[in-house]
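1. I would like to see how this sequence folds:
(one chain, ligands or ions: 1)
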Amino acid sequence: MDVAQEKLKSDLAQRHADHLYRSRQTIDGPQGARIIIDGKKYLNFSSNDYLGLANHPDVIKALQQGAEKYGVGSGAAHLISGHSMAHHVLEEELANFTGRQRALLFSTGYMANLGVLSSLLQKGDAIFEDKFNHASMIDGGLLSGARLQRYLHNDTHSLEKKLAASSADTKLVATDGIFSMDGDAAPLKEIANITKKHSAWFMVDDAHGLGVIGEQGKGTLAHQNLTTDDVPVLMGTLGKAFGTFGAFIAGDETLIETLIQKARTYIYTTALPPAIAHATSTSLKLLQKEYWRREHLQDLIKQFKQGAIQSDLKLMPSDTAIQPVLIGNAEKTLSIKHKLQEKGFIIGAIRTPTVPAGSERLRITLTTSHQPEDVDQLIDALRQSL
Ligand SMILES: *Cc1c(COP(=O)(O)O)cnc(C)c1O
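-> Sure, this is the predicted structure:
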């Protein structure tokens, strides 16, 4: 035991020395553009609450009403007695929202990705993933037992070469719609055409697109004019733009029934609290109806990019709420993050293994809750800190 303990300690010390150590900061109060840490108020540019719904009074009220009606815990897995009316209604609303026959709720996006990939694929099959896909899709691919191949980021030639060389019976291509650490969009139409040509499944994880872009917040597929036929498997999360918690897979009847039978991260886990599902129905209505949330966010994105370019900041090719500033090494990224925090800004320092070594960055996220003055202040602070 002592030897094992010493090994952990030396691994942790090495992480520190490499500037890769992760630590948490405790937020006192709700998520938002302004947050409190250790009694001090900060401007927060690190949240995925893109539309400012996590602390919206109507969503809070719906959660309270949901708790009055359904209690707190769901008490069982969906297949036993944990599937409540609140879950069922939300699934129907999400199916309708995404224009698909069915939707299935999962407790988290991580679990949805593990569940869908390990249900559709097994040993002998092949999965093709963008190099920058979210960790949960990479892990889902590994868990499935299929041969995992990673193609170059957004590179359809690299993908097609790998697909053409594969003789697997079942093939699946999976990509983020909007990449979580880069903010750029995948070329979904081209990928959809390639997957059709090679008779492969196509799955899109739209954690950062749904709610935020497209007409009525219908995400990257709507934004790029893709149909259900182009993308048979759609995954969305509810903890980001929806401001609540959970995730879903949307698709046709056969896909969803298959997941109910086979997805172990659906079957062997407690259903998420029904009150959360009830609150999510309210945020779904708000995000569809309140166009101004997306418009205001788009204005802030434009303002930030213009200001950053004028200040010679190294932006990455993103038009979304995720605006990374490339720094290029872990030590510098961390020290800039600390400098910004001293000035009153919270920004994520993204290091390896989350992104490839050499592409360490500040991950700035803008939200509907920010004001133009906040963005001006951020640009000033970046100019002084870089
Ligand atoms: C956040 C995220 C997930 C995981 O969703 P959770 O509900 O937080 O588990 C999956 N995929 C992508 C692209 C994400 O950004």
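
2. burial of residue 384, as a residue count?
-> By other C-beta atoms under 10 Å, 10 other residues sit near residue 384. Where you see a C-beta, it was placed from the backbone N, CA and C, and this is true even at glycine.

3. which residue packs closest to it, ignoring adjacent ones?
-> Once flanking residues are discounted, residue 384 sits nearest to residue 343: 7.4 Å by C-beta to C-beta, 6 or more residues apart in numbering.

4. tell me the contacts of that neighbour?
-> Residues near residue 343 by C-beta atoms under 8 Å, 6 or more residues apart in numbering: 381, 384, 385.

5. again, only using 10 Å
-> The contact partners of residue 343, by C-beta atoms under 10 Å, 6 or more residues apart in numbering, come to 42, 43, 377, 378, 380, 381, 382, 384, 385.

6. tell me what the closest residue to the first one other than its chain neighbours is bridged to.
-> Yep, that's residue 42 we're talking about. With sequence-adjacent residues excluded and distances taken as C-beta to C-beta, 6+ apart, residue 42 is closest to residue 346, at 4.8 Å. When bridges are called by DSSP bridges, residue 346 pairs up with residue 44.

7. quick one: residue 346 and the ligand, what's the gap?
-> Here the distance between residue 346 and the ligand works out to 18 Å (C-beta to the nearest ligand atom, to the nearest Å).

8. let me know how buried that residue is, in neighbour terms.
-> Residues near residue 346, counting by other C-beta under 10 Å, number 18.

9. how about residue 67?
-> Residue 67 has 16 nearby residues by other C-beta under 10 Å.

10. now do the same for it: its pLDDT.
-> What the model reports as pLDDT for residue 67 is 98.

11. got it, and residue 386?
-> 88.

12. what's near enough to touch it?
-> Per C-beta under 10 Å, 6+ apart, neighbours of residue 386: 311, 312, 313, 314, 325, 327, 332, 336, 339, 340, 362.

13. sitting in strands, which of those do you find?
-> Counting by DSSP state E, the contacts of residue 386 place 325, 362 in strands.

14. residues from this structure in reach of the ligand?
-> Within the chain, the positions near the ligand by C-beta under 6 Å from any ligand atom are 108-110, 113, 134, 136, 176, 180, 205, 207-208, 237, 239, 247.

15. try 5 Å this time
-> The chain has residues 108, 109, 110, 134, 136, 176, 180, 205, 207, 237, 239, 247 near the ligand, with proximity defined as C-beta under 5 Å from any ligand atom.

16. return the distance of the third one relative to residue 31.
-> This points to residue 110. 19 Å (C-beta to C-beta, to the nearest Å).

17. now do the contacts for the residue in the chain positioned nearest to the ligand.
-> Proximity of the chain to the ligand (C-beta to the nearest ligand atom) peaks at residue 109, 2.2 Å away. Residue 109 makes contact with 134, 136-137, 205, 207, 235-240, 245-249 under the criterion C-beta under 10 Å, 6+ apart.

18. can you map out the strands along the stretch 201-350 of the chain?
-> Counting by DSSP state E, counting those that start in this stretch, the stretch 201-350 of the chain has these strands, from start to end: 201-205, 233-237, 247-251, 322-326, 345-346, 348-350.
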